[in-house]
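> predicted model follows, preceded by the sequence.
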There are 2 protein chains.
Amino acid sequence: DHFIICDYSYKVENICKELKNEIKNCKIVLIANREENPVKETTGVHFIRGDSTKESVIEKANVQKASTVIVLADSAMDERLADAHSVLTTLAVRHMNPSCKIIAESLNPENIEHFRRAGANEIICTGEISGQLIFRSSIYNGLTQMLRELITNRFGNELYSGAVPDYLVNVEFSAALVKMQEKGAILLGIYRDNELYTNPAPDTVIRNGDKLVYIAKNTLF
Amino acid sequence: DHFIICDYSYKVENICKELKNEIKNCKIVLIANREENPVKETTGVHFIRGDSTKESVIEKANVQKASTVIVLADSAMDERLADAHSVLTTLAVRHMNPSCKIIAESLNPENIEHFRRAGANEIICTGEISGQLIFRSSIYNGLTQMLRELITNRFGNELYSGAVPDYLVNVEFSAALVKMQEKGAILLGIYRDNELYTNPAPDTVIRNGDKLVYIAKNTLF
Ligand SMILES: [Ca+2]
Ligand SMILES: [Ca+2]
């Protein structure tokens, strides 16, 4: 029931800090091909040295019992090699644990499909997202600030998703937008059967079992 | 009136493609410390070889006439060095062109203040944003998809900002939310005097001169 992070980049500290903030007694194991633990001792992360594509190495992290495995692009590797390495790690993890949640970082959007086939549940193409964000900021003002606010929980609002509460079942999207704003949230979309419907038609009816994606200062449901 | 991109990482191709899509006859100059042009010829980007922190090099890109300069973290550099190098480039660019828009990529959030002092107008901390996104995706479903949709213009909705149209001046935020949804957009916040007010109190009155941040399939205003 622990978290495993495979491979090191400067993002690891941030991710560990947030996980420990959000989840009580969160246990994190870091696997990295580094001589020494690249993360400060105070982070309270258990370090395993080795190649994360090897079953013998990930076994040491007790991968069979992990709830979530985060596979990051190794910052010590060439951009092109890092994704290939991460796909191999994803394959090995999925082979040893068919049910854990695997979140993989992909640098090149062309590799997203490889990660999916290897068994990743969520693939985050950080290279593409960063590039798009830089591009859009060069044309529109305030967008970077908005995104930074939405995805960091240090200040302001955050982006959340949660199961539809009873009072919103069978309600049209436009009416739900108004109801949620009265509670301090802005509804953005519906996540249904693994498909995301952002800003759907106003008369779209919310169903039991949907997840709602919204922004708010705190989770509403 | 051209764009300059300082330093190379795999993001450059993506950024150039989007700029050329969005702006007719967009002229882009890439400065990078690489033996050969790292970008495909077909991208139509003018390549200048050299160290982007040197005035003699950025002068060759006609920096005095540039409208926008994008300073990226060089992928060939150590993570820690890349930010320091980018701050020096920002300083040199600002010195030679006091009025252009400078968008800088920062890997470490601790360096944001250095970039600001050096004269950057927008600082995008891609390391922090990627880390947060990976963390949040490991806990909430659908958030990655939502963000990917919002910041790429390949499909679905996009995040936009634009000057308040007349029909929304002196209107309360909650009423504007409803009015904009009738036009197919979800209002997220107000950008006023360089401050962003995301999801403000429902009775916040929109003023002339504000910019509105919203999501929609196409720009509304
Ligand atoms: Ca926030
Ligand atoms: Ca989109």
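Looks like it arrived, so ask away. Keep in mind it's a predicted model, so treat the numbers as computed, not measured. Ligands and ions are numbered 1, 2, ... in the order given.

> got the residues of chain A near ligand 2?
By C-beta under 5 Å from the ion, no residue of chain A approaches ligand 2. Using the backbone N, CA and C atoms, a C-beta is placed for each residue, glycine as well.

> name the helices or strands packed onto the helix ranked longest in chain A?
Counting by DSSP state H, the longest helix found in chain A is helix A:79-96. Contacts defined by 3 or more C-beta pairs under 8 Å, 6 or more residues apart in numbering or on different chains; DSSP states H and E place helix A:79-96 against strand A:3-6, helix A:55-60, strand A:68-71, strand A:101-106, helix A:112-118.

> residue ranges for the strands of chain A, please.
A:3-6, A:28-32, A:46-49, A:68-71, A:101-106, A:122-125, A:158-163, A:186-192, A:195-198, A:211-216 (DSSP state E).

> and those: which comes nearest ligand 1?
Minimum separation from ligand 1 across these (C-beta to the ion) falls at strand A:158-163, 4.6 Å.

> give me the contact list for that closest one.
With contacts defined as C-beta atoms under 8 Å, 6 or more residues apart in numbering or on different chains, strand A:158-163 is touched by A:150-152, A:188, A:191, A:209-217, A:219-221, B:136, B:140-143, B:146-147.

> buried only: go through those for me.
A:150-152, A:188, A:191, A:210-216, A:221, B:136, B:140-143, B:146-147 (16 or more other C-beta atoms under 10 Å in any protein chain shown).

> next up, the contacts around A:Gly184.
Taking C-beta under 8 Å, 6+ apart, one finds A:216-217, A:220, B:199 in contact with A:Gly184.

> can I get those in a markdown table including pLDDT and distance to ligand 1?
Below are these laid out as a markdown table (pLDDT from 0 to 100; distance: C-beta to the ion, whole Å):
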| residue | pLDDT | distance to ligand 1 |
| --- | --- | --- |
| A:Ala216 | 96 | 10 |
| A:Lys217 | 94 | 8 |
| A:Leu220 | 92 | 15 |
| B:Asn199 | 97 | 10 |
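
> return the closest of the residues you listed with respect to ligand 2.
Of those, the one sitting nearest to ligand 2 (C-beta to the ion) turns out to be B:Asn199, at 20.6 Å.

> which other residues reach stretch A:164-174?
If you take C-beta under 8 Å, 6+ apart as the criterion, stretch A:164-174 is touched by A:176, A:179-180, A:187, A:190, A:200-212, A:220-221, B:178, B:181.

> those residues, buried ones only, as a ChimeraX selection?
In ChimeraX, a selection of the buried entries from the contacts of stretch A:164-174 looks like this (16+ other C-beta under 10 Å):
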select /A:176,180,187,190,200,204,206,210,211,212,221 /B:181
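
> looking at the contacts of stretch A:164-174, which are in helices?
The helices, defined by DSSP H, take in A:176, A:179-180, B:178, B:181 from the contacts of stretch A:164-174.

> want to throw the residues you listed into a markdown table with distance to ligand 1?
Below are these laid out as a markdown table (distance: C-beta to the ion, whole Å):
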| residue | distance to ligand 1 |
| --- | --- |
| A:Ala176 | 22 |
| A:Lys179 | 23 |
| A:Met180 | 17 |
| B:Val178 | 25 |
| B:Gln181 | 23 |
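
> out of those, which comes closest to B:Asn97?
Using C-beta to C-beta, B:Gln181 is the member of the ones in helices among the contacts of stretch A:164-174 that sits closest to B:Asn97, with 41.3 Å.

> next, the contact list for the closest one, please.
A:174, A:177, A:202, B:187.

> flag every residue of chain A that's near ligand 1.
Within chain A, the positions adjacent to ligand 1 are A:149, A:156, A:158 by C-beta under 5 Å from the ion.

> nice, that's everything, thank you.
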